[in-house]
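> Attaching a predicted model along with its sequence, questions to come.
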Amino acid sequence: MPEATEVTVTVLDATGRVVRQLYRGTKAAGSHEVTWDGRDDQGVTLSSGVYHLRVEAAGQVGTQKIVFLK
């Protein structure tokens, strides 16, 4: 990110339902990493499959397909 901004990072299932909010807050300029342990917001381990990572920052939204394998 070129400058500090509000960021929201969520994991969605194949139907678009939010299963986990990984981060919500302000991040400084630069590169950042998030780690997902394969659990939903209630702490339940999800099944293997394709999920979507959604990042909202600086008024833009991006999504990326991710594969979770146990």
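The structure has been received and is ready for your questions.

> okay, CA-based contacts and neighbour counts for the rest of this
Will do.

> pretty sure Lys65 contacts Gly49?
No. Using C-alpha atoms under 8 Å, Lys65 is not in contact with Gly49, being 10.3 Å away.

> now Lys27: how far from Thr8?
Remark: distance between Lys27 and Thr8 (C-alpha to C-alpha, to the nearest Å) = 10 Å.

> again with Leu53
To Thr8, Leu53 is 10 Å away according to C-alpha to C-alpha.

> Check Glu56 too.
Counting by C-alpha to C-alpha, the gap from Glu56 to Thr8 is 5 Å.

> who's in contact with the closest residue to Leu69 other than its chain neighbours?
Excluding the flanking residues, the one nearest Leu69 by C-alpha to C-alpha, 6 or more residues apart in numbering is Ser48, at 4.7 Å. Contacts here follow C-alpha atoms under 8 Å, 6 or more residues apart in numbering; on that basis Ser48 touches Val67, Phe68, Leu69, Lys70.
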